[in-house]
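coordinates only, no sequence provided:
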């Protein structure tokens, strides 16, 4: 089975976001970058599928040289090949999808895996756009995946429960937390990853369809009131929720 | 002949009205009202699209939210959701009717469908918008990024523009009781259009989902174990709300992941969020700080949750929570 997993290099969740000087992107000073958390589930699932069905797992990332760090983490976990689509420009999701689809098409995958969204832009679009560009069926936010006879049966998260979806392969999936427990890279894996080759590709330029006009911090929540220190404060709380906040 | 196709250059907004089991979701009324609002402001027209089976009567309800006409694709094959078939149907209707703007809910279905539509229609997509405004003749969207730690204002430069609207943010407003006119249409579909299709749905608890509920009662590590979460459930059920959980509670195996609120869980915008025994780690706040009213119960006065809470009780959750449930029962006349 030929499995392609698309991964991203993003600010970690501890980041205290500051707006950068251009007023449209974050200030990168002191920001620690990590493998997008949802992509770990995608890598893990890809490795499990390879262990079960044989084949190879190819990790792809689009971005600057800094993304090589994240591709090495994928190598350390056990992927077979890594490709960096080298691009220093800022692309919207459509532009990212175009660059990825152009490379993935040549790889003839049985499965393309993404994390459900990148925790920087939170668009959750690239997997669906790539699937449509490749003419492949897809299922997003997958928490369980089984494959038999060229058909994947997946559980995907919906409001209040799960949908069970049948998807004919080849197909594109996006991974949700709960799909699996990602393995920790072994020390040997980490050491070997340092010397593994990362193939580089150059994407075609695109015109963005979504333009960021400005970025700002959300309005700070004003200081609230501490009403009390035990259950005796409860009647006052209920009164405030009803009369002041008007939420009950 | 269709119902729209205004003069060239006119804004035509197609609002996708989500239904499940033949019933319109609350988010359908929200996107419908938004379509009406912005079509009016842009001097354009709008219509809703409903796809499913035995949905014509439900579709008429959209009339109560400012929609005059609904296009309905009613087909037993489309009773259950199919990514590929629904995308084909929406794209074809959008193209036929000259839709220049599409609104979908940023629900599980909408978020799955919209990107495929973006590719089919060569359209820019602004996901999970929490606000819209007009600037000249442009629709500008505000959307959260970095798990809500920042907001961006975006404009879409492609000819067709798609927006998914976060549920529970754009108010549907009052149902006027008016009925919309339904126009049935059909789109030719073949087996290959169903290469991805839903074959079953498993309902978790029957409680509303955290992303859809007006009220969320949420528990964290301070609940000290799964056996105490019934206190959270009781209050949630009393208020008709959803149960939420912090990452700590989910990672400890106390609650299922679909209840997790936070950066690697769900982002919620309820009217009322009651955080019990939750310290308020930056990642949790990212998931709930856009709630309209936040109540925090925690015995640590320095817990970061109190920095975003509108009302706080610095006390023992096992003392306060049962008392709160009792008081609300009394207040609702349900003792």
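Yep, that arrived. Being a predicted model, the structure only gives us computed values, none of them experimental. Residues are numbered from 1 along each chain as shown, chains lettered A, B, ... in the order given.

can you give me the helices in chain A?
Counting by DSSP state H, one finds helices in chain A at the ranges A:37-53, A:67-77, A:93-107, A:126-134, A:187-193, A:234-243.

show me what the fifth one is packed against.
Using 3 or more Cβ pairs under 8 Å, 6 or more residues apart in numbering or on different chains; DSSP states H and E as the contact definition, the elements that helix A:187-193 packs against are helix A:67-77. C-betas here are computed from N, CA, C, even on glycine.

and the helix it packs on, what's buried?
By 16 or more other Cβ atoms under 10 Å in any protein chain shown, the buried positions in helix A:67-77 come out as A:67, A:68, A:70, A:71, A:72, A:73, A:74, A:75, A:76, A:77.

highest average neighbour count across the helices of chain A?
helix A:126-134 (a mean of 27; mean count of other Cβ atoms under 10 Å in any protein chain shown).

residue B:285 is in contact with residue B:309, isn't it?
No: Residue B:285 lies out of contact with residue B:309 (Cβ atoms under 8 Å); the separation is 10.4 Å.

settle it for me: which of those two has more neighbours?
Comparing residue B:285 with residue B:309 by other Cβ atoms under 10 Å in any protein chain shown, the one with more neighbours is residue B:309, at 27 against 24.

please, which helix or strand holds the more buried one?
For residue B:309, there is no enclosing helix or strand under DSSP states H and E.

that one: what's its closest spatial neighbour, skipping adjacent residues?
Nearest non-adjacent residue to residue B:309, counting by Cβ to Cβ, 6 or more residues apart in numbering or on different chains: residue B:296, 3.7 Å away.

contacting residues for that neighbour?
With contacts defined as Cβ atoms under 8 Å, 6 or more residues apart in numbering or on different chains, residue B:296 is in contact with B:274, B:275, B:278, B:280, B:303, B:305, B:306, B:308, B:309, B:311, B:312, B:313.

contacting residues around residue 141?
Chain wasn't specified; assuming chain A. Per Cβ under 8 Å, 6+ apart, neighbours of residue A:141: A:116, A:156, A:157, A:158, A:174, A:176, B:108, B:111, B:112.

wait, chain B was what I had in mind.
So residue B:141 contacts B:126, B:129, B:131, B:132, B:153, B:154, B:155, B:156, B:163 (Cβ under 8 Å, 6+ apart).

do residue B:83 as well
A:137, A:138, A:139, A:165, B:112, B:113, B:116, B:196, B:197.

now residue A:234
Residue A:234 neighbours (Cβ under 8 Å, 6+ apart): A:228, B:313, B:320, B:323, B:324, B:326, B:327.

kindly report the same for residue B:224.
Counting by Cβ under 8 Å, 6+ apart, residue B:224 has contacts residue B:277.

one more time with 6 Å
Residues counted as contacts of residue B:224 (Cβ atoms under 6 Å, 6 or more residues apart in numbering or on different chains): none.

show the pLDDT at residue 54.
Went with chain A since none was named. At residue A:54, the pLDDT value in this model is 97.

think we crossed wires, I meant chain B
Value listed for residue B:54 in the pLDDT field: 97.
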